[in-house]
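> Need coordinates for the below:
(one chain, ligands or ions: 2)
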Amino acid sequence: MPIILPPATLGMLGGGQLGRFFVAAAHEMGYRVWVLDPDPHSPAGRIADRHLVTPYDDYAALDQLAQSCAAVSTEFENVPAGTLDYLDKFVVVRPSASAVSVCQNRIAEKRFLRDNGLPHGPYLEVLGENDLARADADLFPAILKVARFGYDGKGQALVSSRDEALAAFVRFKSESCVLEKKLSLAGEVSVVLARDKHGVCCPFPTAFNTHRQGILDVSRIPAPISDTLCEQAATLAGTVASCLAYTGVLAVEFFVVDDQLLINEMAPRPHNSGHYTLDACTYSQFEQQVRALCGLPLGQAQAHSAAVMVNLLGELWYRNPHNVKAAQRFVPHPALAASEGTGSSGQYTPPPGAPGSATAVSGAHYHEPDWTVLHAIPGLKLHLYGKHHARPGRKMGHFTVVDSDPERALRNALAARRAMGIDDAAS
Ligand code: ADP
Ligand code: MG
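Ligands and ions are numbered 1, 2, ... in the order given. This next block holds a predicted model:
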């Protein structure tokens, strides 16, 4: 396939913040971008050259996308595999439907790791209640995770016995699940890499990640772990990509357990823990995504500074803690919320508290945070995703502090976080 050059049009399935950064990178490079996302307010749709506001399985819209775009990628792993398969008949699709289908289902993902001899923690496939009855007592305490549509810690339950696992399985409407042993983590790291169509692989520096309530909170480079572990993570991520015959940007999340790396999960797209590349690298993960999609040579993946990235969640918009609790009650079940603001029907539903929402939070004290506080911090770059409404737990933006000195970057990032009223207590 020839190299795709501007002013060609590229297609993006999914209109969240990852798609928005892709659109921005592609625009910078001279491409046009069409976005397909059922949410009329999607952050990427708002800045795309054209936004197809349709479900992912609207084949008439897919035909339009295939006719107008030179290549199509995805920012959202839950795009139906059938959609990618269909597009693949008419247009370049990267990553492939088969790679995405492994990453979008925890059972397929675990089998892939097992079959390729890649390190992972103990787990059990749960397709029905009988599987749980046979669960090894050594697996507990464990985490039951729905096989599909989980994100940001949603669709997961910590369980200490077979009975609790069974109750959680029933709560998840008996969807296929994996039951994972709860590991004692020394830390979590991730590698975002780009791989081109010839198999050339460019891993970004390994990021060290901390989470709150299952949601990424802070990512930093260099990771405060040994160089050997950082290199092992990059090598393992490269092996995952080559076993998937991957072209595009791939993220691999790892647990660090007793100085060993275990692969937690993969994402067939840029990743929140790679956002630091926007400010600390010459070529961001999104520019690499454009390059891999278009068949251009990949850029170097080194960072020119240390960086600390902090996520900004919707809580910040609700200053009164009572209101945060009230709003949380209305977060939809993960299996129903395949993408933010979008129900399984593909119909847009206004989020809680938004005008027109059936579940408006009464008395919510909702207002825009004071961003001047952040702009005063040296080396801090603020990114807001243009989401039309905040709700607790929703990723609304992030900031990255870059600095030649990793300690100073961390100090300034934590100071910025506190100045915004985000407390330090991990949960
Ligand atoms: P998500 O798709 O929501 O990112 P993950 O499987 O990565 O789902 O889980 C989210 C977070 O929950 C992880 O980053 C980790 O902090 C914690 N976690 C998940 N699985 C385990 C496990 N088996 N043992 C210990 N902690 C876990
Ligand atoms: Mg994860």
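
> In terms of helices and strands, where is the closest residue to residue 29 other than its chain neighbours?
Counting by CB to CB, 6 or more residues apart in numbering, residue 29 lies nearest to residue 290, which is 5.8 Å off, once chain neighbours are set aside. From N, CA and C alone the C-beta is placed, and that goes for glycine too. In this structure, residue 290 sits in helix 285-294 according to DSSP states H and E.

> what separates that helix from the chain centre, distance-wise?
16 Å (CA atoms, centre = their mean, to the nearest Å).

> List the residues that contact the residue nearest to residue 29.
The contact partners of residue 290, taken as CB atoms under 8 Å, 6 or more residues apart in numbering, are 10, 22, 25, 26, 29, 31, 296.

> so how far is ligand 1 from it?
25 Å (CB to the nearest ligand atom, to the nearest Å).

> Then residue 31?
The value you get for residue 31 to ligand 1, if CB to the nearest ligand atom is used, is 30 Å.

> Isn't that residue up against residue 12?
No. The criterion here is CB atoms under 8 Å, and residue 31 misses it with residue 12 at 10.7 Å.

> out of the two, which sits in the busier spot?
residue 12 (29 against 24; other CB atoms under 10 Å).

> Correct me if wrong, but that one is in a helix.
No. Checked against DSSP: H, G, I helix; E, B strand; the rest coil, residue 12 lies outside a helix; its state is strand.

> ok, it - contacts?
19, 22-23, 33-36, 44, 48, 72-75.

> got it, and residue 239?
116, 118.

> Which pLDDT value belongs to it?
We have a pLDDT of 98 for residue 239.

> please begin residue numbering at 306 from this point
Yep, numbering from 306; the last one is residue 544 now.

> ok so, going back, the contacts of residue 317 in helices, which ones?
324, 327, 328 (DSSP state H).

> could those residues go into JSON lines alongside neighbour count and pLDDT?
Listed next are those as JSON lines, based on neighbours: other CB atoms under 10 Å; pLDDT from 0 to 100:
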{"residue": "324", "neighbour count": "29", "pLDDT": "98"}
{"residue": "327", "neighbour count": "31", "pLDDT": "98"}
{"residue": "328", "neighbour count": "27", "pLDDT": "98"}
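
> Among those, which one lies nearest to residue 707?
residue 327 (21.5 Å; CB to CB).

> Identify the spatial nearest neighbour of the closest one, chain neighbours not counted.
residue 591 (5.0 Å).

> Hmm, residue 575 and the one you found touching each other?
Yes. Between residue 591 and residue 575 there is a contact under CB under 8 Å: 5.9 Å.

> more crowded one of those two?
residue 575 (29 against 25).

> Identify the residues contacting residue 506.
Neighbour list for residue 506: 498, 499, 500, 543, 546, 547 [criterion: CB under 8 Å, 6+ apart].

> what about 10 Å?
498-500, 539-540, 542-544, 546-547, 551, 555, 603, 606 (CB atoms under 10 Å, 6 or more residues apart in numbering).

> Just give me how far the helix or strand hosting residue 449 sits from the chain centre.
Taking DSSP H and E as the definition, one finds residue 449 inside strand 447-451. Put simply, strand 447-451 sits 19 Å off its chain's centre (CA atoms, centre = their mean).

> what do you get for stretch 308-320?
Put simply, stretch 308-320 sits 21 Å off its chain's centre (CA atoms, centre = their mean).

> List every C-alpha atom in it, with coordinates, as PDB.
Extracted in PDB, the C-alpha atoms of stretch 308-320 (Å, rounded to 0.1, in the frame of the first residue of the first chain):
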ATOM      1  CA  ILE A 308       2.200   6.000   1.800                       C
ATOM      2  CA  ILE A 309      -0.800   8.200   2.500                       C
ATOM      3  CA  LEU A 310       0.000  11.900   2.300                       C
ATOM      4  CA  PRO A 311      -1.900  15.200   3.000                       C
ATOM      5  CA  PRO A 312      -4.400  16.400   2.200                       C
ATOM      6  CA  ALA A 313      -5.900  12.800   2.400                       C
ATOM      7  CA  THR A 314      -8.800  12.200   4.800                       C
ATOM      8  CA  LEU A 315      -8.400   9.800   7.700                       C
ATOM      9  CA  GLY A 316     -11.200   8.100   9.600                       C
ATOM     10  CA  MET A 317     -11.400   7.700  13.300                       C
ATOM     11  CA  LEU A 318     -13.900   5.400  15.000                       C
ATOM     12  CA  GLY A 319     -14.700   6.900  18.400                       C
ATOM     13  CA  GLY A 320     -14.900  10.500  19.400                       C
END
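
> Mind picking the one among the ones in helices among the contacts of residue 317 that's closest to residue 485?
residue 324 (29.4 Å).

> okay, and for the protein, where does confidence drop off?
624-669, 729-732 (pLDDT under 70).

> all helices for it, in order.
Using DSSP H, helices in the chain cover 322-333, 364-373, 386-393, 402-408, 411-420, 434-438, 467-476, 532-548, 582-585, 590-599, 626-633, 677-680, 711-724.

> Okay, buried residues for stretch 334-343 please.
Neighbour-count burial for stretch 334-343 flags 336, 337, 338, 339, 340, 341, 342, 343 (criterion: 16 or more other CB atoms under 10 Å).
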